[in-house]
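>>> Quick check, what structure comes out for this input:
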Amino acid sequence: TEYVMKNIQWITGNNFTVERGQQQIEELISTWKVHESWLHWTEFLQEEEQEYSKRYHYRVCWSIPTCRKPIPRSTASVYFVIEISKTKPATSPVEVFFTLESSRLIHRPEQCQFREKWLKDIIENKMIVMERF
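Residues are numbered from 1 along each chain as shown. Presented below is the predicted three-dimensional model:
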C-alpha cells in the first residue's frame, strides 16, 4: 500500500516558545505508527545560538514498561532540534529535524516515515551490550 507522509503545521518563528515547541513535537509523535505499549516523555535540553539561527534541543525518551518490569531495563532516545532562522522572515515556519540515539543520520519529519523498528533496534543493541558485561 502507498504510504502518505504525515507532518504537522509547524509554528512560525515569531510565535515560538520552548513550551509550544514541546507541544508540537508531541503533536508530531501522535502521527507516528508505534504500538500503544510504547511510552515516552519529552524534555527540553538547551537553547543553542548559531550565527544564522537559534536551535532548541529536545529529547524524547521511549520505553516499554510491563507489569512484570515497570521500570524498563533500557530506553531509546530520539533527539529533536527546532531551528529558527535569523535570515528568513519571522513569519516563516520553524525547521525541524531529529536523530536517533547512537546515529548521525538526520531525519526531517516531512521527508521520512518514522519506524518503530528503530526504537526496538536501539533497545535490543543495549540489551546485547549489557548481557556481555
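>>> I'd like the distance from the longest helix belonging to the chain to the chain centre, please.
Among the segments of the chain that qualify as a helix by DSSP state H, the longest is helix 116-132. Distance of helix 116-132 from its chain centroid, counting by CA atoms, centre = their mean, to the nearest Å, is 18 Å.
>>> elements contacting it?
Applying 3 or more CB pairs under 8 Å, 6 or more residues apart in numbering; DSSP states H and E, one finds that helix 116-132 contacts strand 76-85. For glycine as for every other residue, the C-beta is placed from the backbone atoms N, C-alpha and C.
>>> Give me the mean pLDDT for the strand it packs on.
Per-region confidence: strand 76-85 scores 98 on mean pLDDT.
>>> List the buried residues of it.
Within strand 76-85, the residues scored as buried using 16 or more other CB atoms under 10 Å are A76, V78, F80, V81, I82, E83, I84, S85.
>>> Please name the residues that touch the first one.
Read it as A76. Applying CB atoms under 8 Å, 6 or more residues apart in numbering, we find A76 in contact with C61, W62, S63, L100, E101, W118, L119, K120, I122, I123.
>>> and if you look at the fifth one?
With contacts defined as CB under 8 Å, 6+ apart, the neighbours of I82 are F16, G21, Q24, I25, R55, Y56, Y58, V94, E95, V96.
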